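Student: with the input below, show me the fold.
(chains A and B)
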Amino acid sequence: MINAAINFADGTGVKPVQLCVTCWLDCASCRRDTFALPLAAVQQLNQITLTSKAYEVEDFAAAQELYHSSGWTDGLPVVPPTESAVTACLEWALMPPDQLIGIEPVREQPITAEKLAINAVMAGCLPMHFPVVATAWQAMLKEEFLLHGVTSSTGGSAVLVIINGPIRHEIGANSTFNALANSDRATAAIGRALRLSLINLLDVRPGGIDRTTLGHPGKFSYCLAEDEEDTTWQPLSAVRGIPEGLSAVTVMAALAPRQIMNEWSTEPREILETFAAEMRANQRHYSIYGGNYVIVIPKQLREPIQAAGWTKRDIAEFLYERARVRRSEWADVGKGAVVRDRGETIHTALESPDHLLVVAAGGPAGGFGAVIPPWFGNKTKAVTAAIGACVDCERG
Amino acid sequence: MIIRVLDPTNEMKAAGGQQAVRPATLKGKTVGFISNGKEGTKGYFAALERQFREVFGVADVVWRTKSNFSAPADSSIVDEIKAWQAVVAGVGD
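Tutor: Down below sits the predicted model:
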């Protein structure tokens, strides 16, 4: 760690900070041995030189045609990534252009901050959104996420991003109305940035690396923020080991949300039984194997569960017990050929209660909720990472 | 107004690998079949093995199955490839 001073772009002025020279972020928890870096070197961040190939186009419309005809979009218009817009993202995150976000392990493709920032700008990200995008990528590159598998599979998952912590307010993420869809600018752009960067940095294009049969609309953007203020529950990131008060992202290879409705009970077990039934339905109709599941519980269903004293852990233990099917049930839905002599085998939707991700989010009215199933069993794991912390640092 | 925009693709390509030399004939060769572990590979590879032996005179066919259908082949399988003259890798959805 080295001591330095940063002139913060948010108008709060020059502040002393500790910088980790590995991650270049203000990272108070980093215990990595580092070498001294002069303040002048930090200030050089203000003189960023980009190395990406540049194209000159006549106007906005010409830029769209260049990007669409080159296969660089998701089919929607993009924000032209100019040097100034990309530089602003890098400056905000205190990242030099050549900072290595990580290396995709199967094809050994390096992901740099500059290339990621270009895609973030194209998606509509503001500079303040970029640290979320960068951290989500660091999480996606963890081995347990199995990025190549989840982005190339015929199963067609999308990368679901869940944001926790104070950064939700800084970026203007909305956790209430329409939480899983077009709720706000920040989550829409951040989710889209992941898809555009997968397309352009790892060639995850339909029919190319992406062999998806159907896919789902979350492949355009799939990002939500947890409503931490209107719940008594711990934030998801804290449940998953990130100290409370830190901002964090959780990524999961996820199928489309399956919406449930129960407006006719305030009894926690009855409400959660509806969620369990939907998880069982996913096991019967899609994949019987256990993995991470997300359940999103909006206010109307959340309040009676909270009032009864149930924690997220209580919910996870209940659903671990209730969301399970007998293999012979596959015969009821046309899959008898793979039951064989294992009809009595019990398959749990969750391999353990720890594999359930409970998220408080959604508009204030309506007895709805959502079950978000995993791409395929335990082949991939959800990953949570703190924003603004070195991903390799040890926590004291 | 001219706009200067940047290339979003990964210009820094990974080193990657090189395509192996193609065998001139399969006669007398050993061919490896690497299944992704799904049901569909069984019937397909069985039919392919018959053709390879009967039509192309392949001497031996080695069947291997990946432990994770969405991940690269296990290192133990990759190590075995050196002893084969051709490989068929298949998805059996």
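Student: for chain B, what is the nearest residue in the stretch 101-250 of chain A?
Tutor: In the stretch 101-250 of chain A, the residue that lies nearest chain B is A:G149 (2.9 Å; C-beta to the nearest C-beta). Any C-beta I mention is one placed from the backbone N, CA and C, and that applies to glycine too.
Student: who does the helix or strand hosting that residue touch, helix- and strand-wise?
Tutor: Counting by DSSP states H and E, the element that carries A:G149 is helix A:147-152. Using 3 or more C-beta pairs under 8 Å, 6 or more residues apart in numbering or on different chains; DSSP states H and E as the contact definition, the elements that helix A:147-152 packs against are helix A:185-202.
Student: which residues of the chain fall in helices?
Tutor: Picked chain A for this. A:39-43, A:60-69, A:83-93, A:113-123, A:130-140, A:147-152, A:167-171, A:185-202, A:236-239, A:268-285, A:299-307, A:312-322 (DSSP state H).
Student: not quite, go with chain B.
Tutor: Using DSSP H, the helices assigned to chain B run over residues B:40-56, B:75-81.
Student: out of these, flag the one nearest A:A254.
Tutor: With C-beta to C-beta as the criterion, A:A254 lies closest to helix B:40-56 of those, at 25.3 Å.
Student: which residue packs closest to residue 85, ignoring adjacent ones?
Tutor: Because you didn't say which chain, this covers chain A. Leaving out its chain neighbours, the residue that sits closest to A:A85 by C-beta to C-beta, 6 or more residues apart in numbering or on different chains is A:V121, at 4.6 Å.
Student: hm, I was asking about chain B
Tutor: B:K29 (3.9 Å).
Student: ok, now which ones touch the residue most central in space within chain A?
Tutor: In chain A, the C-alpha closest to the average C-alpha coordinate belongs to A:V161, at a distance of 1.9 Å (C-alpha atoms, centre = their mean). A:V161 makes contact with A:132, A:136, A:187, A:190-191, A:194, A:222-224, A:249-251 under the criterion C-beta atoms under 8 Å, 6 or more residues apart in numbering or on different chains.
Student: between those residues, which sits nearest A:P364?
Tutor: A:L224 (15.7 Å).
Student: can you give me the pLDDT of the residue lying closest to that closest one once chain neighbours are set aside?
Tutor: Using C-beta to C-beta, 6+ apart and skipping residues adjacent in sequence, the residue nearest A:L224 is A:A179, 5.0 Å away. Reading off the confidence values, A:A179 has pLDDT 97.
Student: count of neighbours near the residue nearest to A:A85?
Tutor: A count of nearby residues for A:V121, using other C-beta atoms under 10 Å in any protein chain shown, gives 30.
Student: how about it, what does it touch?
Tutor: With contacts defined as C-beta under 8 Å, 6+ apart, the neighbours of A:V121 are A:79, A:81-82, A:85-86, A:89.
Student: which of the residues you listed sits closest to chain B?
Tutor: After measuring the contacts of A:V121 against chain B - C-beta to the nearest C-beta - the closest member comes out as A:P81, at 4.9 Å.
Student: the closest one and B:L6 touch, don't they?
Tutor: Yes. Contact status for A:P81 versus B:L6: in contact at 4.9 Å, counting by C-beta atoms under 8 Å.
Student: quick one: which of the two has more around it?
Tutor: Applying other C-beta under 10 Å to A:P81 and B:L6 shows that A:P81 carries more neighbours, namely 28 against 24.
Student: and the contacts of A:V121, which are buried?
Tutor: When burial is judged by neighbour count using 16 or more other C-beta atoms under 10 Å in any protein chain shown, the buried members of these are A:79, A:81-82, A:85-86, A:89.
Student: which of these sits closest to A:S175?
Tutor: Ranked by distance to A:S175 (C-beta to C-beta), these are led by A:C89 at 23.9 Å.
Student: what is the burial count for A:Q300?
Tutor: Number of residues near A:Q300 (other C-beta under 10 Å) recorded here: 19.
Student: ok, it - contacts?
Tutor: The neighbours of A:Q300, taking C-beta under 8 Å, 6+ apart as the test, are A:263, A:364-368.
Student: just the buried residues from those residues, in PyMOL please.
Tutor: In PyMOL, the members of the contacts of A:Q300 classed as buried (16+ other C-beta under 10 Å) are selected with the following command:
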select buried, chain A and resi 367+368
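Student: where does chain B have low pLDDT?
Tutor: B:14-16 (pLDDT under 70).
Student: all the strands of it, residue numbers only.
Tutor: Under the criterion DSSP state E, chain B contains strands at B:3-6, B:30-35, B:60-65, B:86-90.
Student: re earlier: let me know the pLDDT of the residue of the stretch 101-250 of chain A closest to chain B.
Tutor: Reading off the confidence values, A:G149 has pLDDT 94.
Student: how far away is it from A:A349?
Tutor: A:G149 sits 20 Å away from A:A349 when distances are taken as C-beta to C-beta, to the nearest Å.
Student: same question, A:G71
Tutor: Counting by C-beta to C-beta, the gap from A:G71 to A:A349 is 38 Å.
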